[in-house]
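Visitor: sequence unavailable; structure follows:
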């Protein structure tokens, strides 16, 4: 499932980039193309800000993971709960890492889209 989530994220970002590319290339009048490019730049900026905010969230989760691992070593009870807690921490670490990779993928495609828009604005 993790691999499919990466494929889905790649395909949706690529589809958005393709829509932007074809929309900007098929606009014949410069003012319309410039307005569309500016609107896409605004949208890309909002998505980039949201993605960068997610990195802050991932950083906080990483600190919680480290704190939980530290507490797990100091608190060891005789019950079987320790292995379950270790599994939960491992699952959270995997989900955080996958989320960071998806965010990097989003930022890469957003950078490509920004380049497309800037090129469309500069071209007459």
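Guide: On my side now, so go ahead. Because the structure is a prediction, the values reported are computed rather than measured. Residues are numbered from 1 along each chain as shown.

Visitor: what helices or strands is the helix or strand hosting residue 91 leaning on?
Guide: Secondary structure from DSSP states H and E places residue 91 in helix 81-122. Packing partners of helix 81-122 (3 or more Cβ pairs under 8 Å, 6 or more residues apart in numbering; DSSP states H and E): helix 2-26, helix 30-74. The way it works is simple: take the backbone N, C-alpha and C, and place the C-beta from them, glycine included.

Visitor: centroid-nearest residue for the chain?
Guide: residue 103 (2.0 Å; Cα atoms, centre = their mean).

Visitor: was I right to think it contacts residue 55?
Guide: Yes. Residue 103 is within contact range of residue 55, at 6.2 Å (criterion: Cβ atoms under 8 Å).

Visitor: now do the helix holding residue 91: distance to the chain's middle.
Guide: A distance of 4 Å separates the centroid of the chain from that of helix 81-122, by Cα atoms, centre = their mean, to the nearest Å.
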